[in-house]
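**Student:** below: sequence and its predicted model.
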Amino acid sequence: MSKPVVLTMNEFDVNKIKYSAMKTNDKGSRSVFVTYDNPTEKRNHKLYLQFPKMPVPSGLLKNEYQENDKPRYNAFLSFANMESNSKIRLAHEKMCELDEKLINDGVKNHFSWLRQQEVPDRKVVEALYNRRVRVSRDKDTLKKLDYPDSISISIPTDKDGNIRVETFDENQEPVDLVEALQKGCKAIVVVECNGIWFTLNKISVSFRAENIQVFPPERLTGFSIRQEEDDEEVKNDELKEGESSFGDDNDGKDNEDNNEGGEDDGPEFDGDPSVESEPEPVKTIKKVTPKKTTVSKRGRSRKA
């Protein structure tokens, strides 16, 4: 049995994708199996893709569609910082190329895929196709929001709802996915393209995680305050400054007390002392002479 081949984004060529004939399962769902025509291996094989180390902002997400339905899990890989990270930028370009190819191939295979006799307009297929590259938009206005694009990866489970993905930490040691895939972590994910699925009003391609390496988020844990060498010197300097300020206040009060009742040191002059200032005008004080009061013979006082 041949060993599975994992393609990096640099090796992946969207034009090497091949499709099987349409298949219908017991539930009535229709699907097309996807393979990769590998020129190096000279054979067709399952399509395994490796995404580079990318942020996982929401961590592991659990979805329960019905009360008795087994839980389903997925995770969003973010294309954040792709302007400065060439590997993430290349992954974004390849996924956009894949979206465009599947839309074009939907037009070409309109009869077998869409059950339409006539060739549909490309916009019709584009409306039916669920793009892998997810663009954040406002629900009401559909205006693009200022968030990085992302891609959803499904997390497979067994019949009892238990996750079955091999997960490793940054040291390549096995870890529990639920505990490791936390908000804000980063991950390298190997996915399998497990086919194109067709419903009454949607066309979607599924990426299922097969191997995950998780890198924990950069967070402070425990006591993380650094002790600087000059902390003690700063404390001593602050104490000295405090003592100095108290001394200055006391000296000023003593000078005020010593000045009380003493001689005036005279006015202080600003500027050149050789320039004589204009004298203030002299105020004239009017002298008032009090009137004499005389006493008459009858004992009554009379003003002179």
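**Tutor:** Noted; the coordinates are in hand. Numbers count the residues shown, from 1 in each chain.
**Student:** quick check: closest non-adjacent residue to residue 58.
**Tutor:** residue 76 (5.6 Å; CB to CB, 6 or more residues apart in numbering). Using the backbone N, CA and C atoms, a C-beta is placed for each residue, glycine as well.
**Student:** ok, what's across the strand from that neighbour?
**Tutor:** Beta-bridge partners for residue 76, by DSSP bridges, are residue 152.
**Student:** again, but for residue 7
**Tutor:** residue 49.
**Student:** residue contacts, the residue nearest to residue 58?
**Tutor:** By CB atoms under 8 Å, 6 or more residues apart in numbering, the contact list for residue 76 reads 56, 57, 58, 61, 134, 150, 151, 152, 153.
**Student:** any idea how far it is from residue 209?
**Tutor:** Using CB to CB, to the nearest Å, we find residue 76 at a distance of 12 Å from residue 209.
**Student:** intersection of neighbour lists for these two?
**Tutor:** residue 153.
**Student:** mind checking how far stretch 98-105 is from the chain centre?
**Tutor:** Its chain's C-alpha centre and that of stretch 98-105 lie 31 Å apart, by CA atoms, centre = their mean, to the nearest Å.
**Student:** try stretch 23-30
**Tutor:** For stretch 23-30, the distance to the chain centre is 42 Å (CA atoms, centre = their mean).
**Student:** what do you get for stretch 138-154?
**Tutor:** Worked out by CA atoms, centre = their mean, stretch 138-154 lies 15 Å from the chain centre.
**Student:** quick one: mean pLDDT for it?
**Tutor:** Stretch 138-154 carries an average pLDDT of 90.
**Student:** which parts of it are buried?
**Tutor:** Using 16 or more other CB atoms under 10 Å as the test for burial, stretch 138-154 gives 148, 149, 150, 151, 152, 153, 154.
**Student:** ok, now stretch 105-121?
**Tutor:** Those would be 105, 106, 107, 110, 113, 114, 120, for stretch 105-121 by 16+ other CB under 10 Å.
**Student:** out of those residues, which are inside helices?
**Tutor:** Counted as lying in helices by DSSP state H, out of those, are 105, 106, 107, 110, 113, 114.
**Student:** next, the contact list for residue 70, please.
**Tutor:** Contacts of residue 70 (CB under 8 Å, 6+ apart): 157, 159, 160, 161.
**Student:** try it again at 10 Å.
**Tutor:** Residue 70 is in contact with 64, 157, 158, 159, 160, 161, 162, counting by CB atoms under 10 Å, 6 or more residues apart in numbering.
**Student:** how far away is the fourth one from residue 165?
**Tutor:** To tie it back to what came earlier, the one meant is residue 159. 15 Å.
**Student:** those two: which is more packed in?
**Tutor:** residue 165 (19 against 6; other CB atoms under 10 Å).
**Student:** apart from its neighbours in sequence, what residue is nearest that one?
**Tutor:** residue 209 (5.1 Å).
**Student:** residues touching the one you found, list them.
**Tutor:** Residue 209 sits in contact with 51, 73-75, 77, 153-156, 163-167, 177, 181, 187, 189-192, where contact means CB under 10 Å, 6+ apart.
**Student:** at 6 Å what do you get?
**Tutor:** For residue 209, the contacting residues are 153, 155, 165, 189, 191, by CB atoms under 6 Å, 6 or more residues apart in numbering.
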